[in-house]
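Trainee: build the 3D model from these lines:
(one chain, ligands or ions: 1)
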Amino acid sequence: MTDELRGEIVACDGATTVDTSHGERRLAELRVRPTDGTPTGGDDAVDVTLWGKWADTAEEAETGMDLLVTDPEASEYQGSTTYSTGGNSYVVLEPDFIVDVTSVRSWVQCPRMYYLNKLSAIPLNYPVIKGTIVHEVFGDLLRGRGLDTAVADRVEEAGLELGVLGRDVAEVEGEVKQNAAAIEGWLAQGTLTEADNWRSEYTLISPTFGLKGRADALRRGMPVELKTGKNTTREPRFQDKIQAACYALMLEERGVDADTGTLLYTKNTTLERNEESGDLSPAKEFSVGKGLLDFVVRSRNELAAMEARREVPTGYEADAKCEYCFEQDTCMVVSGRLDQESKAGQIATAVPQEERDYFERFYHAIEAERRAIHAEYRKLWEQDAAERAADDRALIELDPLGREEIDGNRWELRARKPPEAVSKLREGDVALASDGDPVGGHAELCRITQLDKEIVVTADEPVEVQRLDVYPSELSVDRMLTALHDTVLKGSDDRKDVLFGRRDPEFSEGEEQFIDNNDGQNQAVNLAVNAEDCALIHGPPGTGKTYTIARLIRALVDRGERVLLTAFTNRAVDNALEALREQGFEDIQRVGTTTGVREDMLDVRLEKAGDPQALAGSLRNAPVVAATTASCGSRVMREQAFDVAVVDEASQLTEPDALAALNRAERFVLVGDHEQLPPVVQAADPGGEGGVADEPAADNPLSTSLFERLIEAYPEASVMLTRQYRMCQRIQAFSSAEFYDGALRPATGAVAGQSLDDLVDPASLPAALGDSVSVIDPDGERVGNTNPVEAGRVAEIVESYLDAGVAAEDIGVIAPFRAQVAEISRRVDVTVDTVDRFQGSSKEVIIVSFVATGGLDGPLFEDYRRINVALTRAKKGLVLVGDGAALSSEPFYERMLEWADR
Ligand SMILES: Nc1ncnc2c1ncn2[C@@H]1O[C@H](COP(=O)(O)OP(=O)(O)OP(=O)(O)O)[C@@H](O)[C@H]1O
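Mentor: As a prediction, the model looks like this:
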């Protein structure tokens with residue numbers, strides 16, 4: 001769209017009716033301050049008149065919201081230009097709020113249904129899984145695969161889920177084939193000659209309409225949606241039309257005139273003519289007119305406006321009939337428990353006020369995270385390719401190297417990366433792969449499996465990978481909401497009494513010797529096995545958290561408990577599994593993806609594909625199931641129940657993320673260190689005006705982990721491990737004094753007395769690097785987020801250690817910015833990364849590049865806890881490289897330099 005007016009609403013009144021030469025017409029007048037000037041060049045606030053049904057959108061609007069009018073008509077009035085909607089115009093409220101097409105669909109059914117869907121994730125049930133399989137087979141058929149192999153493969157891939165549901169292969173294959181017959185028959189009609197006109201699974205995102213989604217297929221450029229239900233009327237169901245119309249709208253934005261939508265009701269072919277009357281043909285076409293598109297946009301506006309007002313829908317917004325709604329009971333229970341107004345009414349008594357307050361506080365904080373993710377989406381079109389690359393959000397100018405079809409009917413796509421290019425993207429991430437234009441061109445979601453000079457990604461469709469963009473998922477946000485809902489509305493009172501401070505955690509009596517060389521660890525295991533509600537293990541750096549977790553899990557299994565082992569990262573799960581194996585315990589099943597999992601830990605992973613009964617049996621009978629906390633919210637995991645959840649890295653989890661794991665178990669043990677990295681939160685103050693700031697507000701409830709909250713509330717339910725097995729005495733001293741009241745000490749004399757001499761002949765190192773801790777002031781200037789002179793100095797230091805005989809894998813470099821990481825990486829062949837990536841690991845020698853000159857700004861300095869992590873990674877040698885003047889401008893860093901210079 002070339003011609004549009006976009007800006008913030010500075011004044012708006014309700015709609016009125018006026019007499020015109022065409023009869024009575026509704027209108028609403030607004031004042032809008034244009035974001036990038038008006039189409040005619042002004043930048044003062046302008047009057048905008050919304051005519052006809054667009055006046056309904058004005059009723060939803062409030063000052064402060066953003067408004068976008070496409071193809072506005074300009075007219076001169078008393079010397080100033082005013083604007084109004086014309087015949088082709090669309091009016092979009094809050095265009096930056098990116099609504100998923102499926103949300104518009106449920107909103108149109110009933111706004112309250114949209115809200116309920118947000119709270120409770122789609123459960124594991126057979127219709128859902130069958131529907132997914134049929135969709136996959138649909139894509140396969142479009143790509144020219146044979147029906148039988150497609151069905152067999154796709155059913156096999158869903159083995160674990162089908163097994164947990166107690167279904168068997170033959171039955172599912174039969175039913176899927178019946179559904180797929182509809183697709184096959186329909187495809188056979190006149191598409192053979194136009195096979196190229198088909199496209200399956202098309203990812204679309206719309207800057208103009210604030211929509212995103214994935215169309216099931218495009219046929220001759222027009223949307224086709226697959227429904228696994230039946231429909232014996234001639235017309236598609238209204239909400240299904242809405243879905244297809246959303247895609248048509250987004251295609252129109254790209255210049256494709258998609259005036260027809262098709263719905264394919266696959267169950268129709270399975271119906272017997274003598275039992276069902278009506279129109280049994282599966283394919284139903286409908287024409288997509290401007291009236292329907294307008295309706296779609298207005299519905300989306302209602303949704304976006306309600307979210308902007310931070311309201312919860314009641315159901316009165318729609319004239320849906322509650323008594324016919326299959327969600328009526330759920331709707332009434334949610335309304336009753338949360339004491340919400342709702343058209344369906346309330347049943348059940350409300351949860352206590354403090355729980356409702358808690359629900360509301362977290363609900364808004366989570367929604368603010370969603371808006372922060374939307375801001376990320378928006379940057380896809382607000383920034384051009386070069387800006388995105390400079391901002392670490394994209395890898396551009398990639399050179400496609402080829403594609404190959406791989407298992408699971410996916411594609412493996414390769415590309416070469418310009419050597420200098422860096423970004424936030426990492427192996428294992430989901431990203432948006434595109435032909436260079438992620439918004440207007442061909443783009444597909446992909447997973448990065450390799451990222452060095454060559455990039456390898458896997459995707460459902462073969463895109464020419466010329467660009468790879470950060471594309472955050474709302475899945476994490478959705479899972480937080482579900483966890484919040486499950487805890488407050490479905491959690492046991494026992495659990496909630498502890499979470500809400502109404503009762504102290506209880507412990508049973510008993511003491512056993514689990515660990516004989518470390519009292520703190522032994523106490524921790526005792527506390528955890530005796531916990532009737534929860535136990536908290538506080539483990540500063542290197543104090544044997546992983547070792548203790550492994551011992552604890554064995555003790556729990558010996559007592560007949562079923563244990564969920566979970567952590568924020570795959571790496572921590574790997575480490576815990578390794579420690580369990582070292583202690584001789586192997587009876588584990590791990591659930592989740594393979595990406596990001598260490599090679600030697602893949603053998604305990606439970607495959608998703610295979611024989612349903614066998615897979616489900618393995619899971620059911622496993623005394624220990626391991627998964628990242630993100631995977632704890634998956635459909636299969638939501639069906640599992642455990643006696644105890646043991647959560648590592650708990651201090652890095654937001655409270656709702658921790659709840660996702662806790663909801664699976666009767667009791668829980670949180671292990672972490674709230675003096676190291678806190679949860680990563682994107683959004684600014686969730687109660688504020690919705691702006692996204694660089695730093696999360698301190699009062700964002702997501703910034704404090706459940707671990708930290710509980711350890712402060714119930715210190716007697718915690719044990720601190722104080723003996724560390726990592727750092728020499730000299731290195732640990734600063735961290736111990738600053739962060740742990742001096743309690744942290746070396747576990748043994750050998751740990752305390754380690755030194756560089758154990759690695760190399762001290763005479764072979766330059767004098768400045770001879771001590772366990774040293775400071776080097778390199779000079780140099782900060783250039784953007786780098787300091788090239790400092791990077792050069794770091795490289796020399798690395799070289800000195802290598803020359804002296806330290807192995808490359810024993811050296812690590814920590815830098816605050818990715819750009820500096822790249823700057824240093826270019827010069828050396830050792831691990832260089834940001835603090836966040838170093839948490840949980842250690843090296844013999846660590847060099848920290850501060851990049852500070854003049855002031856102290858940047859991610860490393862935002863939070864002292866990051867420095868704590870950076871300074872506690874080294875065992876024998878730690879070198880701080882940075883501008884002494886800048887660092888000593890703050891007392892904390894001044895003390896750091898005093899310690900390092902000693
Ligand atoms: N009781 C113990 N006896 C002997 N060695 C131990 C004991 N506890 C831990 N260790 C050793 O100390 C080292 C660090 O332990 P571990 O990896 O469990 O620490 P951690 O607290 O998980 O570290 P991080 O801070 O990186 O999370 C390991 O080599 C481990 O084997």
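
Trainee: longest helix in the chain, please.
Mentor: Assignment by DSSP state H gives helix 353-382 as the longest helix of the chain.

Trainee: buried stuff in the helix or strand just after it?
Mentor: Scanning forward in sequence from helix 353-382, with DSSP states H and E defining helices and strands, the next element found is helix 385-390. Neighbour counts over helix 385-390 (16 or more other CB atoms under 10 Å) mark 385, 388-389 as buried. Where you see a C-beta, it was placed from the backbone N, CA and C, and this is true even at glycine.

Trainee: quick one: average pLDDT of helix 385-390?
Mentor: Per-residue pLDDT values over helix 385-390 give a mean of 89.

Trainee: what does that helix rub up against?
Mentor: Taking CB atoms under 8 Å, 6 or more residues apart in numbering as the criterion, the residues outside helix 385-390 that touch it are 379-380, 394-396, 421, 423, 436, 467, 469.

Trainee: quick one: which of these sit in strands?
Mentor: The strands, defined by DSSP state E, take in 394-395, 467, 469 from the contacts of helix 385-390.

Trainee: ok, of the residues you listed, which one's closest to residue 208?
Mentor: Each of these was scored against residue 208 by CB to CB, and residue 469 proved nearest at 19.0 Å.

Trainee: how much space between that closest one and residue 885?
Mentor: For residue 469, the distance to residue 885 equals 39 Å [CB to CB, to the nearest Å].

Trainee: likewise residue 90?
Mentor: Using CB to CB, we find residue 90 at a distance of 56 Å from residue 885.

Trainee: those two: which has the busier surroundings?
Mentor: When residue 90 and residue 885 are compared on other CB atoms under 10 Å, the one with more neighbours turns out to be residue 90, at 25 against 11.

Trainee: now the helix or strand hosting residue 204: buried residues?
Mentor: Here residue 204, judged by DSSP H and E, is contained in strand 198-206. Buried residues in strand 198-206, defined by neighbour count with 16+ other CB under 10 Å: 198-206.

Trainee: now those residues in a markdown table, with pLDDT and distance to the ligand?
Mentor: Putting these into a markdown table (pLDDT from 0 to 100; distance: CB to the nearest ligand atom, whole Å) gives the following:
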| residue | pLDDT | distance to the ligand |
| --- | --- | --- |
| 198 | 66 | 51 |
| 199 | 70 | 47 |
| 200 | 70 | 44 |
| 201 | 72 | 40 |
| 202 | 78 | 43 |
| 203 | 81 | 38 |
| 204 | 86 | 43 |
| 205 | 88 | 39 |
| 206 | 92 | 44 |
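
Trainee: let's have those in TSV, adding distance to residue 521.
Mentor: As requested, the buried residues of strand 198-206 are arranged in TSV below (distance: CB to CB, whole Å):
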residue	distance to residue 521
198	61
199	58
200	54
201	50
202	54
203	49
204	53
205	50
206	55
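
Trainee: any idea of the mean pLDDT for the longest helix of the chain?
Mentor: When the per-residue pLDDT values of helix 353-382 are averaged, the result is 93.

Trainee: give me the buried entries from the ones in strands among the contacts of helix 385-390.
Mentor: The buried subset of those - by 16+ other CB under 10 Å - is 394-395, 467, 469.
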